[in-house]
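Colleague: Provided below for reference: sequence and predicted model.
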Amino acid sequence: METAKFIAKRAAELIVSLLVLSFVVFSLIYLAPGDPARALVGTKHVTPELLAAIRAQYHLDDPFLSQYGRWLNNALHLDFGESIRTGSAVTDMVGPQAAVTFELVLISLILSVVLGIFFGVISAKGRGKLRDGAINAVALVGTSAPSFAVGLLFLYIFALKFGWFPIYWKGAGSFAGNLWHLTLPAVALTFAVSAMVLKITRSSLLSEADKDYTMFMRARSVAPGSITLAQLKNVSAPILTSTGLVLANLFGGTVLVESVFAIPGLGNLLASSVTFGDVPVVQYIALTLAFLICSASAAVDVLVYLIDPLSRQRRRLYTGREGVK
């Protein structure tokens, strides 16, 4: 019963967050300088008749909240209008690019979590040693260097100099066909964001080193691998939470990385749409990314709640204190 209440509460928070974000995304057209109708015209020759037709088509003369309600109702029915550039439905235009971006983010997410945990464990177990210093130095570079700069460096070394990877996008359409072409940009994204998982894993494991259960297992001559697994289980909550932050950073980093590697994904499409002033496409991409990031964050919170008894106990104590007040 308590778990169901928590899930329902988190789902309600997700809905509220998405409603607020949808309002902000819809407001993009009004935050842009100038007349919204002129922004929707794009590069077409502007005439009074065309502006009047645009205002009638998008109901721009209606009150703002009425326009938002109409747009939200259409969005709930997956109708996001038509692209200014192509005249085709926004969902049809964005679909192929979204598939490429999701593949890139999925590969980067897996690499970031696996490598971050792996090297975080190695660093924690070798605290104060040369390997710990080397891993922390590389992690510092990863957190400091922008992903697009790392991508340019990788592109120059591994694609141009050594020829191990393609310089330009030549995807085959399927995930298997795209995998080789997405490897280098995925590694460029991973290099930056995996450092976050590494730092959290290292600090969490170090906090467990002097706990009673760790000392007891060492005294019983338990294998070091088993001790590490037990520690990882106890610190799974912060590591899982970090994956939500990693996902947000990955979607943010794809905008520039896709431009560097000429990948026809959401990042490239978003950049070109902003330059062109294709507001419906920008709104759709922004809302889609917001939905994915918020949903992932909610899923991580629920997962942590289910697998971490301490999390449930802290929430129960907090609720009890609130009830006493």
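Modeller: Yep, that arrived.

Colleague: all helices of the stretch 201-325 of the chain, in order?
Modeller: For the stretch 201-325 of the chain, the helices defined by DSSP state H, counting those that start in this stretch occupy 212-219, 224-234, 236-260, 266-276, 279-307, 309-324.

Colleague: ditto for the stretch 51-200 of the chain
Modeller: For the stretch 51-200 of the chain, applying DSSP H, counting those that start in this stretch gives helices covering 64-76, 90-125, 130-144, 147-154, 175-208.

Colleague: could you dump those into CSV and include distance to A52 and mean pLDDT?
Modeller: Just so you know, the C-beta spots here come from the backbone N, C-alpha and C atoms, and that holds for glycine as well. Rendered in CSV, the data for those read as follows (distance: least, Cβ to Cβ, whole Å; pLDDT from 0 to 100):
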stretch, distance to A52, mean pLDDT
helix 64-76, 17, 85
helix 90-125, 23, 86
helix 130-144, 52, 84
helix 147-154, 43, 82
helix 175-208, 45, 82
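
Colleague: pick the most buried one from these.
Modeller: Looking across these with neighbours counted as mean count of other Cβ atoms under 10 Å, the highest average goes to helix 175-208: a mean of 21.

Colleague: quick one, that one and helix 236-260 angle?
Modeller: An angle of 140 degrees separates the directions of helix 175-208 and helix 236-260 when computed by axes from the mean of the first three to the mean of the last three Cα atoms, to 10 degrees.

Colleague: just checking, what packs against helix 175-208?
Modeller: helix 90-125, helix 130-144, helix 147-154, helix 224-234, helix 236-260 (3 or more Cβ pairs under 8 Å, 6 or more residues apart in numbering; DSSP states H and E).

Colleague: just send those back as a markdown table, with distance to E49 too.
Modeller: What follows is those, written out as a markdown table (distance: least, Cβ to Cβ, whole Å):
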| stretch | distance to E49 |
| --- | --- |
| helix 90-125 | 25 |
| helix 130-144 | 54 |
| helix 147-154 | 43 |
| helix 224-234 | 67 |
| helix 236-260 | 37 |
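
Colleague: closest one to V279 among those?
Modeller: For these, the distance to V279 is smallest for helix 90-125, at 10.2 Å, taking Cβ to Cβ.

Colleague: so how far is the closest one from its chain's centroid?
Modeller: If you compare the mean C-alpha spot of helix 90-125 with that of the full chain, they lie 9 Å apart, counting by Cα atoms, centre = their mean, to the nearest Å.

Colleague: for that helix, which helices and strands make contact with it?
Modeller: helix 130-144, helix 175-208, helix 224-234, helix 236-260, helix 266-276, helix 279-307.

Colleague: ok, S83 touching Q97?
Modeller: No. Counting by Cβ atoms under 8 Å, no contact exists between S83 and Q97, whose distance comes to 12.0 Å.

Colleague: between the helices of the stretch 201-325 of the chain, which one is nearest to V197?
Modeller: With distances scored as Cβ to Cβ, the stretch of these nearest to V197 is helix 236-260 (5.3 Å).

Colleague: is G253 in contact with A145, as I believe?
Modeller: No. Using Cβ under 8 Å, G253 is not in contact with A145, being 11.4 Å away.

Colleague: find residues that contact each of those two.
Modeller: Contact criterion Cβ atoms under 8 Å, 6 or more residues apart in numbering; residues bridging G253 and A145 by contacting each: A192.

Colleague: so the helix or strand that K9 is a member of versus helix 64-76, what angle?
Modeller: K9 belongs to helix 2-26 when assigned by DSSP states H and E. Note on geometry: by the same axes, to 10 degrees, helix 2-26 and helix 64-76 are set 120 degrees apart in direction.

Colleague: how far away from the center of its chain is helix 2-26?
Modeller: A distance of 18 Å separates the centroid of the chain from that of helix 2-26, by Cα atoms, centre = their mean.

Colleague: sounds good, over and out.
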